[in-house]
Structures are given as structure tokens and as C-alpha cells.
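Q: Build me a model:
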Amino acid sequence: MAEVESGGAAAEARSEAALNELIDLCEDQFTKLAKLQNDIVLSEQDSCGNPPDHAVNRLMATEAELKQWLTVEPKLLASNSEVLLKAGKEEMLKLCSELEMVVCCQEAKRDKLRETKELEQKWLEEKQQALIASKNHLERMKTEKGEASKFNVLLDTKAKIQKMKTYQESLMECLGDVLEKHFPLPQNASSTNKKTKSNAQEFDEDMISFNEILELLMNKALSTPHDPYITIENTFWPPYIELMLRYGIAVRHQENNFKIRLETFF
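A: Numbering: from 1, shown residues only. Predicted coordinates:
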């Protein structure tokens, strides 16, 4: 580009002979063009009398002229090298300017595409990081959910067991109050002598309460469900055993009357 501009500056310093020659050639061409236009106008005035013949003649003349122009090789308007050099340099300068504009546009477009590419890559990286974080969070939630479900089952079981124990204790207390009120243990009714009194006290201390008998039956049924029977001992107060048998709390063994078990409540 710099060489072309320097050449153009040098061409401006040359003689004006080439420029005058080019102007003369242009004037000759304009003169020929004006003459041809006058001839066309005169030919149209002469042929106004017969329009169809004029159209045919003009068509034939146009075809002949077309054939002639096809056979003619194009010629340069000027043969002076200075004129041709100046015209060529001007065209080159114009073409270089247009190419520079195209290059600037392409560079701007390239920069814009590069920025867009960087933004898209950044967006893609963010989305990939978000996807990885989501997968990790999902896996962690699954693990925590599994552990929480096991822990919740354990807590629920413990809570149910504690609830059942509390209910059993309250039930046993209520049952003990009823038995103490309606079926008390035998007491020392007479105090005739010290021997009778001491024997009654020993009897009271050795007797097992209704709650204890019921607890023995329940523990036996839970610990050895295949053999839930317990043997009636001397420490069991007979009215308590009879009460359990009559009200369906316990049943006797079919072969041994001294064994009882807790009735199956279902």
C-alpha cells in the first residue's frame, strides 16, 4: 500500500502532456458520440412514413452491428504509458482502500466471534460445574436419605417400645390398685400369741403379688414362646391363680394342672 501511494505521488509530479492527450481523446469520443446521435435522429425522421419497414430495417441494422461488435477486439482508449500507469495506479489505490475496508470489517467480525466464543465457553463451564454440583448433591441426598430412613426406623422402634413399657407400667399400676382394693393379701387377723403372729408375717412376706405373677407369665411367653408355661409354686396365692383362670387371663396345662400360661389375646 505504501509503495502504491508513493508511486501515485510521483505520477502527479510528471508532465501534463499525458493528461492533455487523454482529454483530447475523450473529446474525440464525445464528438463521435454526438455525430451518431444526430444520425439516429435524422434516420428516425426519414422513416416516419412507413413504421413497419422502419422497425424491420432497424432490427436488421442492430443485428448487423451486434455481429460486428462481437468480432471486434477491445482496444485501449489511450496508448500513452503514463496515462495507463496513472489510471492503473488510481484503480489500485481504490481497490486497496476497498480491501482495507473489507479487512477491517472481517477483523471486527472475527473479534466479535472471538468474544462470543469466550462467552459461550464460560457459560458452558458454568453449566458443567452446576451439573457436577447437582449430581454430587443428588448423591449426597440419596445417602443422607438412606441413613435417615434407617435412623428413623430405629427411633420409631425405640419410641414404640418405650411407649409400650410406659403403657404396661400404667396398666400394672392400675391392676395392682384394683387387686389391692378388692383382692388383698391375707393379713394377720388374730394376735393370740407371738407364734401365730410371726407365722402370718412370714406368710405375708413370702407371698407374690398379682402383678408379679402376671409379669412372670408375660416374660415367659416372650422369652420362650414355644414353652410359655410356668409352675405354680407355694409363693403364688391361690385366689390370684383362680382369678386368672376364671377371667381368662391364664389357662392350665392340659396334662399338668400345676402349670399355667398366659392366654393368647388375638
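
Q: How much space separates Ala133 from Lys145?
A: 18 Å (CB to CB, to the nearest Å). The C-beta positions use only the backbone N, C-alpha and C, and glycine is treated the same way.

Q: count of neighbours near Tyr167?
A: Residues near Tyr167, counting by other CB atoms under 10 Å, number 10.

Q: Please apply the same query to Ile260.
A: By other CB under 10 Å, neighbour count at Ile260 equals 25.

Q: With adjacent residues omitted, what lies nearest to it?
A: The spatial neighbour of Ile260 that comes closest, neighbours along the chain excluded (CB to CB, 6 or more residues apart in numbering), is Ala250 at 4.6 Å.

Q: how about that neighbour, what does it touch?
A: 217, 241, 244, 260-263 (CB atoms under 8 Å, 6 or more residues apart in numbering).

Q: Sitting in strands, which of those do you find?
A: Among the contacts of Ala250, DSSP state E puts 260-262 in strands.

Q: who does the strand or helix carrying Cys96 touch, helix- and strand-wise?
A: Using DSSP states H and E, Cys96 sits in helix 81-182. Judged by 3 or more CB pairs under 8 Å, 6 or more residues apart in numbering; DSSP states H and E, helix 81-182 is in contact with helix 2-12, helix 17-46, helix 210-223.

Q: one more time with 10 Å
A: Other helices and strands packing on helix 81-182, by 3 or more CB pairs under 10 Å, 6 or more residues apart in numbering; DSSP states H and E, are helix 2-12, helix 17-46, helix 210-223, helix 238-246.

Q: Please identify which of those is closest to Arg110.
A: The minimum distance between Arg110 and those falls on helix 2-12, with 24.3 Å, by CB to CB.

Q: that older thread, avg pLDDT for the helix holding Cys96?
A: For helix 81-182, mean pLDDT rounds to 84.
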